[in-house]
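>>> quick check, what structure comes out for this input:
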Amino acid sequence: MKKGYIICKDKKEGNIILINYENIGFNIKPLNRINYPGIKVNSMVILNQNFIERVLKRKIKRRLDLFVKLMISVLEDEDTDPDDVTKALNELSKYRSIIINKYRKYLDEKYISLLLKKLDFLERELKQKIIYIDDYESEKETRRTR
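Predicted structure coming up:
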């Protein structure tokens, strides 16, 4: 049997503490803001590889859906500020680096390559929008000077 970690209760203060976890897993911090009586969890280490994959895929899917919604709103709006598109592009590149550096060791290569292709597509669309906005602005300025 694998020995993962031991949870003990501190005798003096009554706090529950984590002692001696040997396996390295994926560390998460729950965002539960509901007050309830019982144990309050500040962070948790997931050791089961299948559960890690499920949690990460769900987390990635949510974030990817947010990027798609953001991209749709940016692309459909004619009066989009170029700074908003640049911010979205920066967020996308930051998320790409998180996936490559943090999640790669937990997910299989097929899924990572598919995800990076999706992010490339989103990045190309945002770059095209920046080019379109710049062309539109320059065309507007040339019309004014004539």
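
>>> who are the neighbours in contact with Leu64?
The neighbourhood of Leu64, defined by C-beta atoms under 8 Å, 6 or more residues apart in numbering, consists of Leu115, Lys118. C-betas here are computed from N, CA, C, even on glycine.

>>> which helix or strand contains it?
Using DSSP states H and E, the element containing Leu64 is helix 49-76.

>>> neighbours of Glu76, how many?
Residues lying near Glu76 (other C-beta atoms under 10 Å) number 8.

>>> nearest spatial neighbour of Ile52, skipping sequence neighbours?
With sequence-adjacent residues excluded and distances taken as C-beta to C-beta, 6 or more residues apart in numbering, Ile52 is closest to Phe26, at 4.6 Å.

>>> buried stuff in the helix holding Leu64?
By neighbour count with 16 or more other C-beta atoms under 10 Å, helix 49-76 contains the buried residues Ile52, Glu53, Leu56, Ile60, Phe67, Leu70, Met71, Val74.

>>> the residue nearest to Ile52 contacts Tyr106, correct?
Yes: if you go by C-beta atoms under 8 Å, Phe26 and Tyr106 touch, sitting 5.9 Å apart.

>>> noted, bye for now.
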